[in-house]
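>>> Turn this into a structure:
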Amino acid sequence: MSYKVQVEPSGHEFSVESGETILDAAIRQGINLPYGCRNGFCGDCLATLATGQVDYPNGIPPVMVDDQNGECYICQATPTTHVTIEVKEIAQSKDIPIRTMPCKIDRIERLNDDVIRLYLKLPEGERLQFLAGQYLNFVLQDGTKRAFSIANAPHDDDFIELHIRHVSGGLFTDVLFSGMEEKTIMRIEAPLGSYYLREESSKPIILMGGGTGFAPLKGIIEHAFQIGIQRPMHLYWGVRAKSDLYLPELPQQWASKYSNFTYTPVLSEPDAGWSGKTGWVHEAVIEDHPDLSGHEVYMSGPPPMIEAGKEAFLSHGLAGEELYSDSFEYGAAATKQKTGT
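This is a model prediction of the structure:
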């Protein structure tokens, strides 16, 4: 048994399976409704129940006073009829409040010689709402901040996933790679940035990453798959050598599973026997797509790659408003600078 949920004033409609909460169904189908904890404690998911009826199988949410006044908490509510709710959807990054909160390093995975994958766990009952491609700041004890892109998609939010490259002489990454232990408590500020997937577009997507610039692209791609985007997506991942492709099987699996996805790795210092693309990654994009009019481009990685890509793509027909970038500043004391259109 399933029920329809109509969202006003947007007019969006989606289905909720039996026993599924309104919020879980919305996230599954790419409808960006507001939420905070997803456990009925914070009240951020409050909506007006305009028509229909809901139930709370897990008990009345702790923040709820009286749902008979036409209110419902969509993170806990399951429909028992077709319903209409009134709530403002998340359309832009500015619609999501920026929060500062503690988190725990749940686990650390070494992906290659100089990249780790960090999984962060928020306190019990907390969830971070964000758009695919955004980033967070670690707020250090002295008040300085270090920024890293979120590598998971919004629907997969049990943990926050980061891909972090070791910067020689960088105090923060030196500690992460040599002395940081699992279960360490950190403080983060999130979500941040205007670099995120524009879901309303119908244009083919080109994604270009350099090094750990793959991280936000991973979140964008997985979100696009989750919400059923069918327009063509072509990922170019530029690195020095084959070993720098630190999750080599993942984009290959995407390409095998999804007919609208294509993957091209590009090596600037190719290994012996490499038969794939070589050179600069933005040149590989131009070689395959000499006319970029009618495309969207998302690029993330070091500033020289971003600047070279911007100049090349605009000169090959890409409209400036269709170019979205996330520039990583690596350095001993640098935070990662973020740009986006």
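
>>> quick one: whichever strand or helix holds Ser256 to chain centroid distance?
For Ser256, the host element (DSSP states H and E) is helix 249-257. Per C-alpha atoms, centre = their mean, to the nearest Å, the displacement of helix 249-257 from the mean C-alpha position of its chain is 18 Å.

>>> And for stretch 187-196?
Worked out by C-alpha atoms, centre = their mean, stretch 187-196 lies 10 Å from the chain centre.

>>> Contacts made by the host helix or strand of Pro265 with the rest, please.
Secondary structure from DSSP H and E places Pro265 in strand 261-267. Contacts with strand 261-267, where a contact means C-beta atoms under 8 Å, 6 or more residues apart in numbering, come from 221, 225, 232-242, 245, 248, 251-252, 254-255, 274, 276-281, 284, 288. C-beta here means a position set from N, CA and C on the backbone, and glycine is covered the same way.

>>> do you know how far Gly213 is from Ile160?
The gap separating Gly213 from Ile160 is 18 Å, by C-beta to C-beta, to the nearest Å.

>>> Quick check: phi and psi on Pro304?
phi -60, psi -40 (degrees, to the nearest 10).

>>> Name the SS class of Pro191, please.
For Pro191, the assignment made with DSSP: H, G, I helix; E, B strand; the rest coil gives strand.

>>> Please tell me I have it right and it contacts Phe130.
Yes. The criterion here is C-beta atoms under 8 Å, and Pro191 meets it with Phe130 at 3.5 Å.

>>> where in this structure is pLDDT low?
Applying pLDDT under 70 to the chain flags residues 65-69, 329-341.

>>> Residue ranges of each domain in it, please.
According to automatic domain parsing, the chain comprises the domains 2-89, 94-192, 205-327.

>>> Select, out of these, the one closest to Arg198.
Among the domains of the chain, the nearest to Arg198 by C-beta to C-beta is domain 205-327 (6.9 Å).

>>> picking that back up, identify the contacts common to Pro191 and Phe130.
Joint contacts of Pro191 and Phe130 (C-beta under 8 Å, 6+ apart) are Ile96, Ile150.

>>> can you redo the domains of the chain as TSV with mean neighbour count and distance to Arg198?
Converted to TSV, these look like this (neighbours: other C-beta atoms under 10 Å; distance: least, C-beta to C-beta, whole Å):
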stretch	mean neighbour count	distance to Arg198
domain 2-89	18	13
domain 94-192	17	10
domain 205-327	19	7
